[in-house]
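Student: take a look and give me a structure for this.
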Amino acid sequence: MPNWCCNSIAFYREDGGNAVLEAFYADIQKYQDYKDPETGRVSDWIGHWLHSNRVNTDNLYCRGFIVNCELNTDHVRVDMDTAWSPLPEVWDMMAEKYELAYVYIAEEPGCEVYVNTDYTGKFFSTQYMMNCFDVDYLELDDATMFEYGKRLREIGSDTMYFDSFEDVLETFEDFGFKVDDVDSLNERLSVFGIKVYEYSGE
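Tutor: Numbers count the residues shown, from 1 in each chain. This next block holds a predicted model:
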């Protein structure tokens, strides 16, 4: 059983090209719930799109499934679940057929995969993610618990996303953490069961 990586891919054209985006959207949407004509089975495996475009998948890793596809004014967004990691080789083929460019954001917490190739933040602005775990399970001394425990719990156990490191620091500014980078921050936070992940560009 793999760890599933959640991906969102924005396919776009620099010159707009709405007709091309509409055609691409219609093409991909057909395979979101594809019914095999021989077996009658319904599947959202991306390999069905590849096979329809005569792509040999024997040596291509394409274990991914289309979760959602939506047409926007300037791009088509495709959400996919993939096994373990993103599938840029597959997305290259999808983009090449329609002469599109693309950027994507991907998250797989189990293997600590966090990627955002959208350097401009036009489609995906997230740059950092924070996981906050229940400090009740950590071995904290009484003084630390008294000073930080209750307040850290108030941050909540939900995953939080940030567009910049400055936004991250604002979350912890009341705790007096004076740091210059995410590694230094994580050293301070590790004892509290908190970790901040920085999205890479590849």
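Student: what sits against Y119?
Tutor: Y119 makes contacts with V103, G201, as judged by C-beta atoms under 8 Å, 6 or more residues apart in numbering. (C-beta placed from N, C-alpha, C; glycine too.)
Student: what of Y197?
Tutor: By C-beta under 8 Å, 6+ apart, the contact list for Y197 reads E112, Y114, Y128, M129, M130, N131.
Student: name the strands paired with the helix or strand hosting the fourth one and say parallel or antiparallel.
Tutor: Translated: M129. Element membership for M129, per DSSP states H and E: strand 128-132. As defined by DSSP bridges, the strand partners of strand 128-132 come to strand 160-162 (antiparallel), strand 194-198 (antiparallel).
Student: list the buried residues of it.
Tutor: Y128, M129, M130, C132 (16 or more other C-beta atoms under 10 Å).
Student: what is the nearest of the residues you listed to T39?
Tutor: M129 (39.6 Å; C-beta to C-beta).
Student: once you drop chain neighbours, what's closest to the closest one?
Tutor: Y197 (4.8 Å; C-beta to C-beta, 6 or more residues apart in numbering).
Student: quick check: beta-bridge partners of V103?
Tutor: Applying DSSP bridges to V103 gives these bridge partners: A10.
Student: doesn't H75 make contact with it?
Tutor: No: counting by C-beta atoms under 8 Å, V103 sits too far from H75 to count as a contact (9.1 Å).
Student: could you tell me which residues touch both of these two?
Tutor: A10, F123.
Student: strands of the protein, start to end?
Tutor: With strands called from DSSP state E, the chain shows them at 4-12, 34-35, 42-43, 64-71, 76-83, 101-108, 113-116, 128-132, 160-162, 194-198.
Student: would you mind putting those strands into JSON lines with distance to K122 and mean pLDDT alongside?
Tutor: Output for those, formatted as JSON lines (distance: least, C-beta to C-beta, whole Å; pLDDT from 0 to 100):
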{"stretch": "strand 4-12", "distance to K122": "8", "mean pLDDT": "97"}
{"stretch": "strand 34-35", "distance to K122": "30", "mean pLDDT": "72"}
{"stretch": "strand 42-43", "distance to K122": "32", "mean pLDDT": "74"}
{"stretch": "strand 64-71", "distance to K122": "16", "mean pLDDT": "95"}
{"stretch": "strand 76-83", "distance to K122": "12", "mean pLDDT": "97"}
{"stretch": "strand 101-108", "distance to K122": "8", "mean pLDDT": "97"}
{"stretch": "strand 113-116", "distance to K122": "11", "mean pLDDT": "97"}
{"stretch": "strand 128-132", "distance to K122": "18", "mean pLDDT": "87"}
{"stretch": "strand 160-162", "distance to K122": "17", "mean pLDDT": "92"}
{"stretch": "strand 194-198", "distance to K122": "19", "mean pLDDT": "91"}
